[in-house]
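Undergrad: starting from these lines, generate the structure:
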Amino acid sequence: MPQVKYTIGKGLVQSGGGGFSLQGNSLMGAPAKIVSLTGAGATATLTSEDTGAIVKMGGSNASTVTLPAVAAGLSFRFVATTAYAHVITGGGAVMQGGYHHNTNAATVARVAIANKTTLTLHSSNFKIGDTLECWSDGTNWYVSGIVNDIITQA
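TA: Model (predicted):
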């Protein structure tokens, strides 16, 4: 097996020997996939192939995203890029966990999520940048995040 070396000056170089060497840089993973929802009534149904994606909930009104079937290791980050009451549904699975919000003021509160299938950002106090992360253990979706005001759970 040849030795593979990456240097700033020469890039990827193959030579005799074995192993891998990285000089002058840090090794990083692949860039995250971006799923962008745009336009009026934007919707997306995510699949397991989308795992790791940053989902930009945008558009000219509320976007709706449906999570794929639960499977261990799936994860997504949802970011509101427009100020609307965007919706995340668990598909056929329930969501557990919790999130923090600042009560549309300066007081931080934590809210639990237990056995819910739909989360909707606040109907009037939503903000650009509201962020939720979801991941699955193969049984449930788990949620964590920071938003401006309380989320409607159903």
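Undergrad: where does this structure have low pLDDT?
TA: 1, 6-9, 17-30 (pLDDT under 70).
Undergrad: domains of it?
TA: 1-28, 31-153 (automatic domain parsing).
Undergrad: can I get those domains in CSV with mean neighbour count?
TA: From N, CA and C alone the C-beta is placed, and that goes for glycine too. Listed next are the domains of the chain as CSV, based on neighbours: other C-beta atoms under 10 Å:
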stretch, mean neighbour count
domain 1-28, 10
domain 31-153, 17
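Undergrad: Tyr99 contacts Arg110, correct?
TA: Yes - with contact defined as C-beta atoms under 8 Å, Tyr99 counts as touching Arg110 (7.4 Å).
Undergrad: next structured bit after the helix or strand hosting Tyr99?
TA: For Tyr99, the element it lies in under DSSP states H and E is strand 95-101. Counting by DSSP H and E, the next helix or strand C-terminal to strand 95-101 is strand 109-116.
Undergrad: which other helices and strands does that following strand contact?
TA: With contacts taken as 3 or more C-beta pairs under 8 Å, 6 or more residues apart in numbering; DSSP states H and E, strand 109-116 sits against strand 95-101.
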